[in-house]
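Peer 1: need a 3D model of the sequence below.
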Amino acid sequence: RLPKVFFQNTDDAQQFCHAGIVRESQLTLVPGSGIDLQHFHPSPLTREGATTTFLMIARLLKDKGVVEFAEAAAMIRESGVDARFVLVGPLDAENRTAVSKDVVDGWVEDGTLTYAGSCDDVRPYIESAHCVVLPSYREGAPRTLIEASAMARPVIATRVPGCTAVVSEGVTGLLCEARDSQSLAGAMQKFLTMTATERRDMGASGRRKMEQEFDQALVVDAYMRSIEA
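Peer 2: Below you'll find the model as predicted:
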(Lines give C-alpha, C1' and ligand atoms only; values in the text may rest on other atoms or scores of the structure.)
Protein backbone atom coordinates (compact mmCIF):
# COMPACT_ATOMS: atom_id res chain seq x y z
CA ARG A 1 0.00 0.00 0.00
CA LEU A 2 1.05 3.61 -0.47
CA PRO A 3 2.88 5.26 2.44
CA LYS A 4 1.18 7.95 4.49
CA VAL A 5 2.56 11.47 4.20
CA PHE A 6 2.04 13.88 7.11
CA PHE A 7 1.61 17.62 6.59
CA GLN A 8 1.37 20.39 9.16
CA ASN A 9 -0.83 22.75 7.13
CA THR A 10 -3.35 22.45 4.30
CA ASP A 11 -1.44 24.80 1.94
CA ASP A 12 1.58 22.49 1.76
CA ALA A 13 -0.63 19.41 1.47
CA GLN A 14 -2.57 20.88 -1.45
CA GLN A 15 0.60 22.01 -3.19
CA PHE A 16 2.14 18.54 -3.05
CA CYS A 17 -1.10 16.97 -4.18
CA HIS A 18 -1.60 19.35 -7.14
CA ALA A 19 2.02 18.80 -8.20
CA GLY A 20 1.43 15.06 -8.31
CA ILE A 21 4.06 14.34 -5.67
CA VAL A 22 1.56 12.58 -3.41
CA ARG A 23 -1.99 11.32 -3.81
CA GLU A 24 -4.87 12.71 -1.83
CA SER A 25 -5.40 9.31 -0.23
CA GLN A 26 -1.89 9.52 1.25
CA LEU A 27 -2.40 12.88 2.99
CA THR A 28 -2.71 13.16 6.73
CA LEU A 29 -2.89 16.58 8.40
CA VAL A 30 -1.49 17.06 11.90
CA PRO A 31 -1.48 20.30 13.94
CA GLY A 32 2.25 20.87 13.93
CA SER A 33 4.30 19.02 16.51
CA GLY A 34 1.72 19.76 19.18
CA ILE A 35 2.16 21.74 22.35
CA ASP A 36 2.49 20.75 25.99
CA LEU A 37 -0.35 22.85 27.38
CA GLN A 38 0.81 22.39 30.96
CA HIS A 39 4.35 23.51 30.25
CA PHE A 40 3.12 26.50 28.24
CA HIS A 41 0.32 27.57 30.54
CA PRO A 42 -1.63 30.86 30.42
CA SER A 43 -0.20 33.78 32.32
CA PRO A 44 -1.83 37.16 33.02
CA LEU A 45 -0.96 40.04 30.72
CA THR A 46 1.43 42.51 32.30
CA ARG A 47 -0.21 45.22 34.33
CA GLU A 48 -2.31 47.90 32.67
CA GLY A 49 -0.42 51.11 32.04
CA ALA A 50 2.86 49.30 31.37
CA THR A 51 4.63 50.07 28.11
CA THR A 52 3.31 47.74 25.40
CA THR A 53 5.97 45.18 24.53
CA PHE A 54 6.17 43.44 21.15
CA LEU A 55 8.29 40.29 21.20
CA MET A 56 9.78 38.39 18.27
CA ILE A 57 11.34 34.97 18.87
CA ALA A 58 13.15 33.46 15.90
CA ARG A 59 16.48 32.58 14.38
CA LEU A 60 17.90 35.83 13.07
CA LEU A 61 17.19 35.19 9.40
CA LYS A 62 15.75 37.51 6.77
CA ASP A 63 13.22 34.79 5.84
CA LYS A 64 11.80 35.03 9.37
CA GLY A 65 11.02 38.72 8.83
CA VAL A 66 13.59 40.06 11.28
CA VAL A 67 14.37 43.07 9.07
CA GLU A 68 10.67 43.91 8.72
CA PHE A 69 10.28 43.68 12.50
CA ALA A 70 13.08 46.20 13.00
CA GLU A 71 11.76 48.52 10.28
CA ALA A 72 8.23 48.41 11.69
CA ALA A 73 9.60 49.07 15.19
CA ALA A 74 11.43 52.15 13.87
CA MET A 75 8.21 53.40 12.25
CA ILE A 76 6.24 53.01 15.48
CA ARG A 77 8.93 54.75 17.51
CA GLU A 78 9.19 57.60 15.01
CA SER A 79 5.45 58.18 15.37
CA GLY A 80 6.04 58.99 19.03
CA VAL A 81 4.26 55.95 20.44
CA ASP A 82 5.66 54.52 23.68
CA ALA A 83 6.31 50.85 22.88
CA ARG A 84 9.11 48.32 23.39
CA PHE A 85 10.42 45.86 20.82
CA VAL A 86 12.34 42.81 21.96
CA LEU A 87 14.14 40.33 19.72
CA VAL A 88 15.10 36.88 21.02
CA GLY A 89 16.94 34.23 19.04
CA PRO A 90 20.30 32.94 17.89
CA LEU A 91 22.50 34.54 15.27
CA ASP A 92 22.99 32.07 12.42
CA ALA A 93 26.03 33.21 10.46
CA GLU A 94 26.15 29.98 8.45
CA ASN A 95 22.77 30.60 6.83
CA ARG A 96 22.72 32.58 3.58
CA THR A 97 19.80 34.74 4.79
CA ALA A 98 21.33 35.45 8.20
CA VAL A 99 21.14 38.97 9.61
CA SER A 100 24.64 39.97 10.68
CA LYS A 101 25.61 40.86 14.22
CA ASP A 102 26.68 44.32 13.03
CA VAL A 103 23.17 45.01 11.73
CA VAL A 104 21.58 43.82 14.98
CA ASP A 105 24.04 45.91 17.01
CA GLY A 106 23.03 48.92 14.93
CA TRP A 107 19.36 48.42 15.78
CA VAL A 108 20.24 48.20 19.45
CA GLU A 109 22.51 51.26 19.39
CA ASP A 110 19.93 53.49 17.73
CA GLY A 111 17.23 52.39 20.17
CA THR A 112 15.06 50.56 17.63
CA LEU A 113 14.88 47.38 19.66
CA THR A 114 16.38 45.32 22.45
CA TYR A 115 18.25 42.15 21.52
CA ALA A 116 18.14 39.56 24.30
CA GLY A 117 20.24 36.93 22.55
CA SER A 118 19.46 33.23 22.52
CA CYS A 119 17.79 31.35 25.38
CA ASP A 120 16.77 27.85 26.44
CA ASP A 121 13.38 28.83 27.87
CA VAL A 122 11.22 31.40 26.05
CA ARG A 123 8.43 31.41 28.63
CA PRO A 124 9.72 34.33 30.73
CA TYR A 125 9.98 36.47 27.59
CA ILE A 126 6.45 35.56 26.50
CA GLU A 127 5.14 36.32 29.99
CA SER A 128 6.67 39.81 29.89
CA ALA A 129 5.26 40.59 26.43
CA HIS A 130 1.87 41.94 25.41
CA CYS A 131 2.05 40.61 21.85
CA VAL A 132 4.26 38.07 20.05
CA VAL A 133 5.19 38.86 16.44
CA LEU A 134 6.35 36.57 13.63
CA PRO A 135 6.56 38.29 10.21
CA SER A 136 7.88 35.14 8.49
CA TYR A 137 7.81 34.61 4.73
CA ARG A 138 6.50 31.03 5.10
CA GLU A 139 6.13 28.43 7.82
CA GLY A 140 5.14 24.83 8.38
CA ALA A 141 3.52 25.15 11.81
CA PRO A 142 5.22 28.07 13.58
CA ARG A 143 6.27 26.96 17.04
CA THR A 144 6.66 30.52 18.31
CA LEU A 145 3.03 31.40 17.58
CA ILE A 146 1.76 28.13 19.06
CA GLU A 147 3.71 28.65 22.28
CA ALA A 148 2.64 32.29 22.58
CA SER A 149 -1.04 31.44 21.98
CA ALA A 150 -0.85 28.61 24.52
CA MET A 151 0.30 31.21 27.05
CA ALA A 152 -2.69 33.41 26.15
CA ARG A 153 -0.73 36.04 24.26
CA PRO A 154 -2.21 37.79 21.22
CA VAL A 155 -0.03 37.38 18.13
CA ILE A 156 0.76 39.23 14.92
CA ALA A 157 1.84 37.14 11.94
CA THR A 158 2.05 37.26 8.17
CA ARG A 159 -0.71 36.05 5.89
CA VAL A 160 1.30 33.06 4.63
CA PRO A 161 1.00 29.25 4.75
CA GLY A 162 1.64 27.94 8.24
CA CYS A 163 0.90 31.18 10.03
CA THR A 164 -2.72 31.30 8.80
CA ALA A 165 -3.21 27.75 10.11
CA VAL A 166 -2.31 28.89 13.62
CA VAL A 167 -3.81 32.41 13.74
CA SER A 168 -7.52 33.17 13.46
CA GLU A 169 -7.49 36.74 12.19
CA GLY A 170 -9.21 39.20 14.49
CA VAL A 171 -9.87 36.44 17.03
CA THR A 172 -6.53 35.10 18.27
CA GLY A 173 -4.33 37.66 16.54
CA LEU A 174 -3.77 40.00 13.62
CA LEU A 175 -2.35 39.27 10.17
CA CYS A 176 -0.22 41.44 7.89
CA GLU A 177 1.43 41.05 4.50
CA ALA A 178 4.80 39.31 4.18
CA ARG A 179 7.90 41.32 3.23
CA ASP A 180 6.00 44.51 4.06
CA SER A 181 7.19 46.46 7.10
CA GLN A 182 4.49 49.10 6.54
CA SER A 183 1.78 46.44 6.77
CA LEU A 184 3.39 45.03 9.91
CA ALA A 185 3.58 48.50 11.46
CA GLY A 186 -0.12 48.95 10.67
CA ALA A 187 -0.98 45.74 12.52
CA MET A 188 1.11 46.88 15.48
CA GLN A 189 -0.65 50.24 15.47
CA LYS A 190 -4.00 48.44 15.48
CA PHE A 191 -2.91 46.35 18.46
CA LEU A 192 -1.79 49.48 20.29
CA THR A 193 -5.32 50.92 20.01
CA MET A 194 -6.91 47.80 21.54
CA THR A 195 -8.16 48.01 25.11
CA ALA A 196 -6.78 45.82 27.87
CA THR A 197 -9.99 43.77 27.78
CA GLU A 198 -9.73 43.25 24.02
CA ARG A 199 -6.15 42.11 24.39
CA ARG A 200 -7.06 39.67 27.17
CA ASP A 201 -9.98 38.29 25.16
CA MET A 202 -7.75 37.79 22.12
CA GLY A 203 -5.17 35.97 24.21
CA ALA A 204 -7.83 33.77 25.81
CA SER A 205 -9.16 32.87 22.35
CA GLY A 206 -5.66 31.85 21.33
CA ARG A 207 -5.37 29.57 24.34
CA ARG A 208 -8.72 27.94 23.51
CA LYS A 209 -7.62 27.36 19.92
CA MET A 210 -4.45 25.65 21.12
CA GLU A 211 -6.47 23.44 23.50
CA GLN A 212 -8.92 22.46 20.76
CA GLU A 213 -6.52 22.03 17.83
CA PHE A 214 -2.85 21.91 18.87
CA ASP A 215 -2.68 19.86 22.07
CA GLN A 216 0.19 17.37 21.67
CA ALA A 217 -2.21 14.58 22.62
CA LEU A 218 -4.17 15.31 19.44
CA VAL A 219 -0.99 15.01 17.37
CA VAL A 220 -0.04 11.66 18.92
CA ASP A 221 -3.58 10.41 18.36
CA ALA A 222 -3.50 11.48 14.70
CA TYR A 223 -0.24 9.60 14.13
CA MET A 224 -1.49 6.49 15.92
CA ARG A 225 -4.78 6.39 14.01
CA SER A 226 -2.93 6.77 10.72
CA ILE A 227 -0.43 4.04 11.58
CA GLU A 228 -3.15 1.66 12.70
CA ALA A 229 -5.41 2.29 9.67
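
Peer 1: next, give phi and psi for the residue sitting nearest the centre point of the chain.
Peer 2: Geometric centre of the chain, nearest residue: Leu145, 3.1 Å, by CA atoms, centre = their mean. As for Leu145, its main-chain torsions (degrees, to the nearest 10) stand at phi -70, psi -40.

Peer 1: and what of Thr28?
Peer 2: phi -140, psi 120.

Peer 1: state the distance from it to Val5.
Peer 2: Distance of Thr28 to Val5, given as CB to CB, to the nearest Å: 7 Å. Backbone N, C-alpha and C define where each C-beta goes, glycine included.

Peer 1: so what sits against both of the two?
Peer 2: Contact with both Thr28 and Val5 is made by no residue, according to CB atoms under 8 Å, 6 or more residues apart in numbering.

Peer 1: residues contacting the spatially closest residue to Val166 that is not a sequence neighbour?
Peer 2: Of all residues not flanking Val166 in the chain, Leu145 sits nearest, at 4.7 Å (CB to CB, 6 or more residues apart in numbering). Going by CB under 8 Å, 6+ apart, Leu145 touches 132, 134, 155, 157, 163, 166-167, 173.

Peer 1: can you put those in a markdown table and add neighbour count and distance to Thr195?
Peer 2: Shown next, in a markdown table, are these (neighbours: other CB atoms under 10 Å; distance: CB to CB, whole Å):
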| residue | neighbour count | distance to Thr195 |
| --- | --- | --- |
| Val132 | 28 | 19 |
| Leu134 | 27 | 24 |
| Val155 | 27 | 18 |
| Ala157 | 30 | 21 |
| Cys163 | 27 | 25 |
| Val166 | 29 | 24 |
| Val167 | 25 | 20 |
| Gly173 | 29 | 16 |
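
Peer 1: alright, calling it a day.
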